[in-house]
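Asks: Got a predicted structure here, sequence first:
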Amino acid sequence: MLRTPMLLKRIAAVLACFVAFVCITSVSTAGQLWDFLGVTQIDDSRDHGKIQVTRRDRLFSAIQLRVSGDSIFFDRVVVHFPNGTSEEVSVGNRVSPEGSNYLIQLSGERRGVESVDLWYYRQTWTHHPRVILYGW
């Protein structure tokens, strides 16, 4: 009888360790999928901003906009590529800092990104938002 509670405690401990390992591994793996490309502070005196990409040694098939501070209503995004071409994406959506990131699939094959122009609706923000750009 005394062995059963000890056995249950050991099984529970092993399961807890396994679950913790799986969670930690999936978080670190998820963090490695998206590369940080740049950031910009949104200015309420303008209706657009630009993110100059800092990571030019990688090729991407998608980019992601993450917002901190206040929500931003984006009109469109223009992605500029190193070969001089660009891709304009109509957004027409509010992106909030509560975790609703905006994902943009790039057309064609994976390629480098030089910069991203952000066009948004001007408003008075309580906490000036920042836009953080990631690539995958």
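Replies: Nice, thanks for sending it over. Residues are numbered from 1 along each chain as shown.

Asks: From here on, just use CA atoms for contacts and neighbour counts.
Replies: Noted.

Asks: who are the neighbours in contact with the spatially closest residue to Ser96 that is not a sequence neighbour?
Replies: Nearest residue to Ser96 in three dimensions, chain neighbours excluded: Ser71, at 4.1 Å (CA to CA, 6 or more residues apart in numbering). When contacts are counted by CA atoms under 8 Å, 6 or more residues apart in numbering, Ser71 touches 94-97, 129.

Asks: before we move on, what about Trp34?
Replies: So Trp34 contacts 134-136 (CA under 8 Å, 6+ apart).

Asks: By pLDDT, give me the weakest of those.
Replies: Ranked by pLDDT, the contacts of Trp34 bottom out at Trp136 (93).

Asks: Now do that residue against Thr124, distance only.
Replies: 32 Å (CA to CA, to the nearest Å).

Asks: Between those two, which is the more surrounded one?
Replies: Counted by other CA atoms under 10 Å, Trp136 and Thr124 do not tie: Trp136 has more neighbours, with 18 against 10.

Asks: okay, and for this protein, where does confidence drop off?
Replies: By pLDDT under 70, the low-scoring segments of the chain are 1-3, 5-32.

Asks: Let me see the ranges of the strands in it.
Replies: 35-41, 48-52, 62-68, 72-80, 86-95, 102-105, 115-120, 130-135 (DSSP state E).

Asks: Ser107 touches Val79, doesn't it?
Replies: No: the pair Ser107 / Val79 is not scored as a contact, 10.8 Å apart, by CA atoms under 8 Å.
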